[in-house]
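Colleague: Make a model of this:
(chains A and B)
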Amino acid sequence: MSEVTGLRQPKRASVDLFRKLGVEPVPDNEKVQMAIRHIDEFRFKVRSFVMAMESCVKCGACAENCHTYLGTRDPNNIPAGRVDLIRKAYKRYFTVQGQLFPGLVGAQDLDLETIEKWYSYFYQCSECRRCAHVCPFGLDTAEVTMIGRQILFWLGIGPQLHTATAGAILRTGNHMGLTKAGIIDTLEFLAEEIEEDYEGLKVEFPVDKPDSDILYIPSSADFMLNANTLKGAAMFFKYVGANWTISSEITEAGNFGYLMDQNRIQREMVTRLMEQATKLGAKKIVWGECGHGWRAAKMYVSTVSDLPASRRIPITHIHDEIEAYIKAGLLELDPKRNDRKVTLHDPCNYARACGHADNMRVIMNAVVPKGAFVEMKPNREANFCCGGGSGILFDDPDMYQFRIQASNKKAEQVRETEADTLCAPCSICKAQLYPMVKEHKLPVEVVGLVDLVGHALVFRD
Amino acid sequence: MPFVEIEGKQIEVDEDGFMVDPAQWWPGWAHYVAKQEGIPELTERHWHVIEFLKDYYAKTGIAPMIRKLCKESGIPLKEMYELFPTGPAKGACKCAGLPKPTGCV
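Modeller: Numbers count the residues shown, from 1 in each chain, chains lettered A, B, ... in the order given. As a prediction, the model looks like this:
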């Protein structure tokens, strides 16, 4: 495979698309000045950003731990090198040494060419935070990618994919632009499939049902690609007799705002979530399979929504719910129904950001036969990213080629397990791995975890 | 957004060449996209898929789940990829004038 070290960039969103999001793209001759102003604001607001700017000693620990660098061997994809794309400007404008002796301390004027590099490299980084996991100083370089992407967004620079998805969020409250009619029709189809595949089992998928105890938040991609995850969730809720519903106003576990515009788009999703949960009378919100979305929900909702404690509604993950029922011995599961050799890909945002790893293993061991679950190495919080993290699922030829390279490490890990099934319980991981297992000629089927639960549940009258 | 001219009509398209306003659809659009997608000729089977997608979109405002498309159109997935090499979600939807899917696809 050829090694690309040039400036590759995903297809950009148009000016029109940005205007629909309320962003007036900044003219070229003002971009540099504006970017410097934003860096100035961030250094007073975000402590982790200042730490990354000030404390990196270029020890190099992050390099060989970054799947993007391993796949491309491009020095700008070494996490410390990527951060340098902003750090050079930070030093030039905001440190005394950089102002007086720029050449001696690696400080450099910011220019349009560097901003173009930001667009290239901050969208090759998947914000997986494996570099943060190994950094001896605990620097979280993903925070710098996030800030880089936010500044680019304000300048009116962003990928067509992320920006169009943000447009769909504002229009419908989900990434795929699902309408209520489309949601209901798809769910009716899934209920029919369950009835056909599971001996007449009748499962309901309530939509916008008032007075529901549980508001379930599926990933909108489940309506197009990961139907079995959605079916597994409904079968679980049926099994435990839950009073649950899906909301057509917030049919989205992901939050692309978190990946590009934490200021407005992320907030839009959180506002919708809290409004709908309150309107439907939900006592608990249960999250579906989505990595970045779970981090955004678990770690950010309480601060972003800015609601008083008395109005907060607990948010849990469906894996935690299933784990609790398994531990209490309340689910009858038949592991023989999942007669596969399966390995588990730990989504980065679960394992490294949310302490979400044991629960998946409790579930896995209960739904596949003894000895059928093989760990890939490394795993849990040391696992490597699928290569598509933070939604870099671009399909323009150059970036698609990049996705194949960025998943080299993952392919190697999976191949070593000799598994026939790759469980990747996150929509971005799934969307990345469906084509990537083909590109790397891996003989595995990509599935979600809840899929396996649904399939193993034994219903008795 | 860019425009393309087909049979003397100005059609607004997005960055990926998908039609912006599905109401503008006419068969000439499907022929134009087919050529871009490397489909030599639109057969009866192609039109069957295109018509199904158009109807479904008119009713629900979304593209159907691929399983539903295969089941209800009676065209198995393998044949779907033979008909539309870039896949039903991209090639077929583009021919039918549906917007490009966004999000985790």
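
Colleague: so B:E7 touches B:G28, yeah?
Modeller: Yes. Here B:E7 reaches B:G28: they are 4.7 Å apart, a contact under CB atoms under 8 Å. In short, each C-beta sits where N, CA and C put it, glycine included.

Colleague: Would you mind giving the domain segments of chain A?
Modeller: Chain A resolves into domains spanning A:26-155, A:165-325, A:331-456 when parsed by automatic domain parsing.

Colleague: Can you check which of these gets nearest to chain B?
Modeller: The minimum distance between chain B and these falls on domain A:165-325, with 2.8 Å, by CB to the nearest CB.

Colleague: The stretch 151-300 of chain A: strands as residue ranges?
Modeller: Per DSSP state E, counting those that start in this stretch, the stretch 151-300 of chain A carries strands over the ranges A:214-217, A:244-246, A:284-287.

Colleague: can you redo the ones you listed as JSON lines with distance to chain B?
Modeller: Formatted as JSON lines, these follow (distance: least, CB to the nearest CB, whole Å):
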{"stretch": "strand A:214-217", "distance to chain B": "14"}
{"stretch": "strand A:244-246", "distance to chain B": "15"}
{"stretch": "strand A:284-287", "distance to chain B": "15"}
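
Colleague: Would you format those strands as a markdown table with mean neighbour count and mean pLDDT included?
Modeller: Formatted as a markdown table, these follow (neighbours: other CB atoms under 10 Å in any protein chain shown; pLDDT from 0 to 100):
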| stretch | mean neighbour count | mean pLDDT |
| --- | --- | --- |
| strand A:214-217 | 26 | 98 |
| strand A:244-246 | 24 | 98 |
| strand A:284-287 | 22 | 98 |
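
Colleague: so which of those gets nearest B:Y56?
Modeller: Ranking the strands of the stretch 151-300 of chain A by proximity to B:Y56 (CB to CB) places strand A:244-246 first, at 20.3 Å.

Colleague: got the contact list for the closest one?
Modeller: Under the contact criterion CB atoms under 8 Å, 6 or more residues apart in numbering or on different chains, strand A:244-246 has outside partners A:183, A:187, A:205-209, A:212-218, A:237, A:280, A:282, A:286.

Colleague: Report the contact partners of the residue in chain B positioned nearest to chain A.
Modeller: Closest residue of chain B to chain A, CB to the nearest CB: B:G103 (2.8 Å). B:G103 makes contacts with A:165, A:168, A:174-176, A:220-221, A:254, A:256, A:427, as judged by CB under 8 Å, 6+ apart.

Colleague: May I ask which of the residues you listed has the most neighbours?
Modeller: Highest neighbour count within those, by other CB atoms under 10 Å in any protein chain shown: A:S427, with 35 neighbours.

Colleague: With adjacent residues omitted, what lies nearest to A:E193?
Modeller: A:K231 (6.9 Å; CB to CB, 6 or more residues apart in numbering or on different chains).

Colleague: do the same with A:V450
Modeller: Excluding the flanking residues, the one nearest A:V450 by CB to CB, 6+ apart is A:G232, at 3.7 Å.

Colleague: Please identify the residues of chain A in proximity to chain B?
Modeller: Residues of chain A lying close to chain B (CB under 8 Å from any CB of the partner chain) are A:11-14, A:16, A:160-161, A:164-165, A:167-168, A:174-179, A:181-182, A:185-186, A:189, A:193, A:219-221, A:223-225, A:227, A:254, A:256, A:290, A:391, A:393, A:395, A:427-428, A:430-431.

Colleague: hmm, which of those residues are the buried ones?
Modeller: Buried members of those, scored by 16 or more other CB atoms under 10 Å in any protein chain shown, are A:12-14, A:160-161, A:164-165, A:167-168, A:174-179, A:182, A:185-186, A:189, A:193, A:219-221, A:223-225, A:227, A:254, A:256, A:290, A:391, A:393, A:395, A:427-428, A:430-431.

Colleague: buried stuff in stretch A:317-336?
Modeller: Across stretch A:317-336, burial judged by 16+ other CB under 10 Å covers A:317-319, A:321-323, A:325-326, A:331, A:333, A:335.

Colleague: Same check on stretch A:19-39?
Modeller: Residues of stretch A:19-39 classed as buried by neighbour count (16+ other CB under 10 Å): A:20-21, A:23, A:25-26, A:31-32, A:34-36, A:38-39.

Colleague: So what's the residue count around the nearest residue to A:S407 once chain neighbours are set aside?
Modeller: The shortest distance from A:S407 to any non-neighbouring residue, by CB to CB, 6+ apart, is to A:G387 (3.5 Å). Counted with other CB under 10 Å, residues neighbouring A:G387 total 26.

Colleague: In contact with A:G387: list those residues for me.
Modeller: By CB under 8 Å, 6+ apart, the contact set of A:G387 is A:67-68, A:71, A:126, A:403, A:405-410, A:432, A:436.

Colleague: where's it, which helix or strand?
Modeller: A:G387 is part of no helix or strand when elements are defined by DSSP states H and E.

Colleague: and the gap between it and A:K430?
Modeller: As judged by CB to CB, to the nearest Å, A:G387 and A:K430 stand 13 Å apart.

Colleague: can you check A:G355 too?
Modeller: Separation of A:G355 from A:K430 (CB to CB): 22 Å.

Colleague: One more: B:I66?
Modeller: Using CB to CB, B:I66 is found at 14 Å from A:K430.

Colleague: Now the common contact residues for those two.
Modeller: Residues touching both B:I66 and A:K430 (CB under 8 Å, 6+ apart) are A:L225.

Colleague: can you count the residues close to A:G138?
Modeller: 11.
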